[in-house]
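Visitor: This is the structure alone, sequence omitted:
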């Protein structure tokens with residue numbers, strides 16, 4: 001049976017979420033047309049894709065089922081003009097109020113592996129769908145998978161209402177505002193896992209434009225005891241930041257382990 005495009009994209013996104021630090025893995029990302037805007041009620045367009053190169057469309061579109069946009073007051077804002085093509089999904093966001101917007105695609109699900117009649121089977125779904133696994137299955141292993149992809153945009157003066165963490169999974173807590181990044185300046189961020197500092201965690205920083213250079217220019221950092229890491233930006237442009245936690249304590253008793261990942265796209269401006 002031929003796999004549907006949506007199913008193939010879901011599998012590719014699961015792989016990207018599970019292995020976000022690999023230099024050869026597919027990378028999932030959101031790319032806004034702009035992050036710092038002015039004027040009356042400006043708009044941005046955001047691309048969402050899974051690809052080898054940043055930020056180039058050549059693999060799979062990202063599904064937008066779990067897309068959420070939060071406005072300057074922390075309330076949810078409706079994304080508009082959503083569409084999914086062969087290699088990317090796209091949507092628009094109107095920044096109707098001044099302040100900072102958080103654009104997020106996040107999910108929390110389960111991945112299972114078991115044996116049935118001597119064959120190894122794989123399953124993916126939610127806690128509510130565990131009944132899909134046959135009762136006679138053996139060697140069952142369930143892993144909770146959490147992923148979060150984000151980007152940020154600000155109209156006028158920045159604020160922080162939309163930046164508050166949910167307390168679930170791996171999240172970024174900006175110390176430096178994510179729309180106040182400039183070449184040559186040091187920026188500070190904090191990673192938290194279920195609201196608590198994610199200490200001694202590897203963070204990967206890669207500038208976009210991989211397709212047009214011979215070196216990846218990847219930088220690997222580590223969070224300190226408070227979950228904080230710092231970046232000094234060498235050049236302007238969009239950057240892909242990722243981190244992951246594996247074998248974390250699951251948030252559901254149905255799973256034996258947990259894998260959580262976080263990805264952000266940040267724009268660094270020239271001085």
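Guide: Received, thanks. All figures in this text were calculated on a predicted structure; none of them were measured in a lab.
Visitor: drop to CA atoms for contacts and neighbour counts, all remaining ones
Guide: Noted.
Visitor: ok, now which ones touch residue 137?
Guide: Residue 137 makes contact with 114-116 under the criterion Cα atoms under 8 Å, 6 or more residues apart in numbering.
Visitor: same thing but 10 Å
Guide: By Cα atoms under 10 Å, 6 or more residues apart in numbering, the contact set of residue 137 is 113-121.
Visitor: And it, how far from residue 118?
Guide: Between residue 137 and residue 118 the distance is 10 Å, computed by Cα to Cα, to the nearest Å.
Visitor: go on, residue 47?
Guide: For residue 47, the distance to residue 118 equals 43 Å [Cα to Cα].
Visitor: More neighbours: the two, which one.
Guide: Between residue 47 and residue 118, residue 47 has the larger neighbour count (other Cα atoms under 10 Å), namely 20 against 9.
Visitor: my guess is the more buried one meets residue 60, correct?
Guide: No: look at residue 47 against residue 60 with Cα atoms under 10 Å: they stay out of range, at 11.8 Å.
Visitor: got any residues that touch both of those two?
Guide: Counting by Cα under 10 Å, 6+ apart, the shared contacts of residue 47 and residue 60 are 84, 88-89.
Visitor: Give me the subset of those residues that lies in helices.
Guide: Assigned to helices by DSSP state H, none of the shared contacts of residue 47 and residue 60 qualify.
Visitor: ok, residue 143 - contacts?
Guide: By Cα under 10 Å, 6+ apart, the contact set of residue 143 is 109-113, 124, 246-247, 250, 252, 254-259.
Visitor: Go again with 8 Å.
Guide: By Cα under 8 Å, 6+ apart, the contact set of residue 143 is 110-112, 250, 255-259.
Visitor: Please apply the same query to residue 165.
Guide: In this structure, residue 165 makes contact with 171-173, 195, judged by Cα under 8 Å, 6+ apart.
Visitor: Cheers, nothing more for now.
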